[in-house]
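1. below are the sequence and a predicted model for it; my questions follow.
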Number of protein chains: 2
Amino acid sequence: MDKSVKVALDAMGGDFAPRDIVEGAVRAASGDDGIEIILVGAESLIRSELAKYDVSGLPLSIVNASQAVRDGEPPVAALRHKPDASILVAMRLVKEGQADAMISMGSTGAVMVSAIQILGKLEGVQRPTVGTSLQDLAPGTVMFDMGANSDCKPRDLFNFAIIGHAFARKIIGIEHPTVALLSNGAEEGKGNKVTKEAYQLFQKGNFNFIGNVEGDDIPKGKANVIICDGFVGNIITKFCEGLGDVLGERLQVSLEGQLAPEKISKITGELFNLTHVPDVGGGGLISGVDGVVWIGHGRSQAPQLAEAIRQARLAVETNFVRELKSELRTG
Amino acid sequence: MDKSVKVALDAMGGDFAPRDIVEGAVRAASGDDGIEIILVGAESLIRSELAKYDVSGLPLSIVNASQAVRDGEPPVAALRHKPDASILVAMRLVKEGQADAMISMGSTGAVMVSAIQILGKLEGVQRPTVGTSLQDLAPGTVMFDMGANSDCKPRDLFNFAIIGHAFARKIIGIEHPTVALLSNGAEEGKGNKVTKEAYQLFQKGNFNFIGNVEGDDIPKGKANVIICDGFVGNIITKFCEGLGDVLGERLQVSLEGQLAPEKISKITGELFNLTHVPDVGGGGLISGVDGVVWIGHGRSQAPQLAEAIRQARLAVETNFVRELKSELRTG
């Protein structure tokens, strides 16, 4: 089993930690598919969760971490005062080569900061970013930045494009992805100051830039890689979720009495899954740091963790970081 | 009929002009409700459209304009070279008091520029804005800016808040509207540089500021007035339309064979109406200029024109501009 992928899981991060993290870890380790899981966190808590399962012989291990960053703590201060935080311990395992990837459903800020501190940024990257595919809504489309960087320079957006391009190729498996800038009009002259300047950079990029796309082009999957700053990415993602909720409620009312309740549940459930991208996708890859780091939604439960493990593993197996380094060199 | 509201309609603007503009004008003039319509454009074309209807005795008149701005023409240059453009002629009728309001389904840029040139900006307003209610999706919520101003300063967002507040009070009829900033997090410290600075200004505003709202709060109607720059407003509006289209297609497939076709059409039609806010709402009010100017979607047909007339009329009858002037003075 030399080729197995070793994933360090932050057992203390997320709304349902450690229970659902441990459950997801057991599930992942039970599949005979060359994965090893290292649970990082309070050993006693992890052991008592593990006691619920028959884990004999499973590729599961524990690395103790005596501290944990709570969601809402200011990341930099929390990491300074908690040197043995599970996020830091897991990140160090990646740095030292004892793990191939690290996954946390905890504080996005703390994971991002510790990834930068411990793994370092890739050459040419000012600001690492978080992105992911739009899942079933537009399976061949990835968006970067999904919320990590609120204020971006044109050069940041350009880097997101290179990162998204590598992500689409390696993680989604699209050989020649199209890349677009999210804007308020399709024509070249449309945009705000930053996207208009970025447009000029994108034209010189070593990728297939197809110009601006508009908001309605996102769910229609008009480009494989759609680039925006994290302020817009966050608002779009959450708007999508909220619209899904509201439309689901209206649909429920419209269908009541016309279809059997279980059929209505199925249809509204599909609507929920289409519109709740981060819930379904398990989060996003922190890209632009020198290692594979996956940050999940705090609400993530075992199924989302499974999806996170699947994608982090893909990033390892396809040598995403090496590919990205190479693309960053050639622009 | 001294109290009737006189509306100047740009008969040449929009994808279905003059046909649908004239049809909408005839419908509006046929309702016995104290409205007078002035059709502005190529008189011969308007007359031949009017010939389709029995318009004897209707409060309809024509003011000839020998030129028209085409959609896609650079606004400033177009207006300079076409002094007799229908948009300009209609705007002058408002300026001279011969009309109480002006409505165009033509070039947003040309309408905005001519409104500023001819009517002038209200004192304290740097950038007029376009906004409207979210219609059936969130009937008690208005959003400003919906797309007119891509790059905004904190002070611009503050003015949009005053404008949106007056709009919610006068046009929507909400006595004490809540006002919020659209951001990437609910907490005060969240936002991009501009919204964080705007937050400080909003706290001093003479309105009920409830802080930041997130993307999912928009369709949920968490605030009566939601403020963002026009870049974000445009992307959100179009994303909403695109998501509605994609979900409608999926729903069609899910429901086929389970419900009668006409019931499916009804349900997908409702979904379309909920998500296509500008289509249903007929456009938005250009606010911050010294007169009532309504800009509609180029795709608008007679029903959207009727809605535009209804809202423009409300703006006249509720003295929206006078109220706004007063709110701009008190901040």
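-> Received, thanks.
2. where do the strands sit along the stretch 201-331 of chain A?
-> A:208-213, A:225-227, A:284-287, A:292-295 (DSSP state E, counting those that start in this stretch).
3. save these as CSV, and put in distance to B:A101 and mean neighbour count too.
-> Heads up, the C-betas are built off the backbone N, CA and C, glycines and all. Listed next are the strands of the stretch 201-331 of chain A as CSV, based on distance: least, CB to CB, whole Å; neighbours: other CB atoms under 10 Å in any protein chain shown:
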stretch, distance to B:A101, mean neighbour count
strand A:208-213, 34, 20
strand A:225-227, 39, 31
strand A:284-287, 48, 28
strand A:292-295, 51, 30
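4. nearest to chain B, of those strands?
-> The minimum distance between chain B and the strands of the stretch 201-331 of chain A falls on strand A:208-213, with 9.7 Å, by CB to the nearest CB.
5. tell me the strands beside that closest one, with direction?
-> Strand A:208-213 pairs in its sheet with strand A:178-182 (parallel), by DSSP bridges.
6. can you give me the buried ones in the partner strand?
-> A:T178, A:V179, A:A180, A:L181, A:L182 (16 or more other CB atoms under 10 Å in any protein chain shown).
7. what does it contact?
-> Strand A:178-182 has contacts (CB atoms under 8 Å, 6 or more residues apart in numbering or on different chains) with A:157, A:161, A:164-165, A:191, A:195, A:198-199, A:202, A:205, A:207-215, A:217-218, A:222-228, A:232, B:235.
8. so of the residues you listed, which ones are in helices?
-> A:L157, A:A161, A:G164, A:H165, A:T195, A:A198, A:Y199, A:F202, A:V232, B:I235 (DSSP state H).
9. helices of chain A, start to end?
-> A:19-30, A:43-50, A:75-81, A:86-95, A:108-114, A:154-167, A:193-203, A:230-255, A:261-275, A:277-281, A:302-317, A:320-330.
10. in a markdown table, list these along with mean neighbour count, mean pLDDT and distance to B:E23.
-> Formatted as a markdown table, those follow (neighbours: other CB atoms under 10 Å in any protein chain shown; pLDDT from 0 to 100; distance: least, CB to CB, whole Å):
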| stretch | mean neighbour count | mean pLDDT | distance to B:E23 |
| --- | --- | --- | --- |
| helix A:19-30 | 23 | 94 | 59 |
| helix A:43-50 | 17 | 97 | 68 |
| helix A:75-81 | 15 | 93 | 59 |
| helix A:86-95 | 26 | 98 | 64 |
| helix A:108-114 | 24 | 93 | 53 |
| helix A:154-167 | 26 | 96 | 45 |
| helix A:193-203 | 18 | 98 | 39 |
| helix A:230-255 | 22 | 96 | 31 |
| helix A:261-275 | 16 | 96 | 36 |
| helix A:277-281 | 22 | 80 | 42 |
| helix A:302-317 | 21 | 91 | 52 |
| helix A:320-330 | 17 | 93 | 55 |
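11. redo the ones you listed as CSV? Include distance to A:A65.
-> Putting the helices of chain A into CSV (distance: least, CB to CB, whole Å) gives the following:
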stretch, distance to A:A65
helix A:19-30, 13
helix A:43-50, 8
helix A:75-81, 12
helix A:86-95, 4
helix A:108-114, 12
helix A:154-167, 29
helix A:193-203, 39
helix A:230-255, 28
helix A:261-275, 33
helix A:277-281, 25
helix A:302-317, 18
helix A:320-330, 24
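12. chain B: which of the ones you listed is closest?
-> Proximity to chain B (CB to the nearest CB) singles out helix A:230-255 among those, at 2.9 Å.
13. got the angle for the closest one vs helix B:193-203?
-> Helix A:230-255 runs at 70 degrees relative to helix B:193-203, counting by axes from the mean of the first three to the mean of the last three CA atoms, to 10 degrees.
14. helix A:230-255 and chain B, any residue contact?
-> Yes - under the criterion of CB under 8 Å from any CB of the partner chain, helix A:230-255 makes contact with chain B via A:230-232, A:234-243, A:245-247, A:250-251, A:254-255.
15. so how far is stretch A:302-316 from its chain's centroid?
-> 9 Å (CA atoms, centre = their mean, to the nearest Å).
16. how far away is A:E323 from A:A42?
-> Using CB to CB, to the nearest Å, A:E323 is found at 36 Å from A:A42.
17. same deal with A:I118?
-> 20 Å.
18. between those two, who's got more neighbours?
-> A:I118 (22 against 18; other CB atoms under 10 Å in any protein chain shown).
19. need the nearest residue in space to A:T268, chain neighbours excluded.
-> What sits nearest to A:T268 in space, not counting adjacent residues and going by CB to CB, 6 or more residues apart in numbering or on different chains, is A:G248, at 4.7 Å.
20. domain assignment for chain A?
-> For chain A, the domain assignment from automatic domain parsing gives the residue ranges A:1-124+A:288-331, A:126-281.
21. for the ones you listed, give me TSV that also has distance to B:H276.
-> Listed next are these as TSV, based on distance: least, CB to CB, whole Å:
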stretch	distance to B:H276
domain A:1-124+A:288-331	30
domain A:126-281	10
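22. which one of those lies closest to B:R70?
-> domain A:126-281 (15.0 Å; CB to CB).
23. now do the contacts for A:S133.
-> A:P139, A:G140, A:T141, A:V142, A:I171, A:I172, A:G281.
24. who does the closest residue to the first one other than its chain neighbours bridge with?
-> In space, not counting the residues next to it along the chain, A:P139 is nearest to A:S133; the distance is 6.5 Å by CB to CB, 6+ apart. Per DSSP bridges, the residues bridged to A:S133 are A:V142.
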